[in-house]
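Colleague: Sharing a model that was predicted from the sequence below.
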Amino acid sequence: MEGQEVKLLGARFSIFAHRVEWVLKLKGIEYEVVEEDLTNKSPLLLNYNPIYKKVPVLLHHGNPIAESLVIIEYIDDTWKQNPIFPQDPYERATVRFWAKFVEEKDALQALEGELMKGKKKFFGGDMIGVLDIVLGWITIWLGAVEEAACFKVLDPCKYPCIGKWVERFVELPVIRANSPPKDQLVPFFQKFRELGLASAAKK
Ligand SMILES: N[C@@H](CCC(=O)N[C@@H](CS)C(=O)NCC(=O)O)C(=O)O
């Protein structure tokens, strides 16, 4: 591993790893992905993320950084091109607040209000920012989960601004080129669901 500048321990369908990849791509940083089998975690992952034992982990000159939001902020601080955090400290704090909020809560209603209030194209303004990246999972992953589980959460009639945001987000070349196809995600989540149902039936 030594000597390689940027490596990403990731997993094919991990939204958290994809967030990091989107930011690396947006900034034009060269990197190598090391694919993890999460059913049989490698000594490398256990060694570099001994606390959570999860992907993603970014290795920069061999130094490990874990947790997608921490990694994204590190990347933004280290490579200044195409910033995804605002420069102003107050705006940075506000964006961090929202990023934490959407990580922890079902935030669709509040986010709809934010988009409507600012009449913004993206949460970051004309270009995507960290909040767009954090929310990116609802564009493809949520749709796949909805299809696999036969339910609907993101109703574009109820959340029209978010609906438009999703359309714009998935059209961005960097997102389109670096996201798993939905037709691969749906069977993945279907299998996940079947395993969950089977283990619940045994209890
Ligand atoms: N809070 C973490 C979440 C990372 C996470 O949940 N990663 C999943 C893959 S999507 C994982 O590695 N799961 C393995 C496990 O839970 O053992 C982040 O933002 O990076």
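Modeller: Ah, there it is. Being a predicted model, the structure only gives us computed values, none of them experimental.

Colleague: tally of neighbours for the closest residue to Asn49 other than its chain neighbours?
Modeller: Residue nearest to Asn49 in three dimensions, not counting chain neighbours: Ala66, with 4.4 Å by CB to CB, 6 or more residues apart in numbering. For the C-beta atoms, the positions are set from N, CA and C on the backbone; glycine is no exception. When neighbours are defined as other CB atoms under 10 Å, Ala66 has 19 of them.

Colleague: Kindly report the same for Lys152.
Modeller: When counting by other CB under 10 Å, one arrives at 12 neighbours for Lys152.

Colleague: residue contacts, it?
Modeller: Lys152 makes contacts with Glu146, as judged by CB atoms under 8 Å, 6 or more residues apart in numbering.

Colleague: So which residues make contact with the lengthiest helix in the chain?
Modeller: Longest helix in the chain, counting residues (DSSP state H): helix 182-202. Contacts to helix 182-202, defined as CB under 8 Å, 6+ apart, come from residues 13, 140-141, 143-145, 147-149.

Colleague: Just the buried positions in it, please.
Modeller: 185-186, 188-190 (16 or more other CB atoms under 10 Å).

Colleague: Quick one: those as CSV, columns for distance to Lys164 and pLDDT too.
Modeller: Converted to CSV, the buried residues of helix 182-202 look like this (distance: CB to CB, whole Å; pLDDT from 0 to 100):
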residue, distance to Lys164, pLDDT
Leu185, 22, 93
Val186, 23, 94
Phe188, 27, 90
Phe189, 25, 90
Gln190, 29, 90
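
Colleague: Of those residues, which is the nearest to Val174?
Modeller: Leu185 (18.5 Å; CB to CB).

Colleague: gap between the closest one and the ligand?
Modeller: 12 Å (CB to the nearest ligand atom, to the nearest Å).
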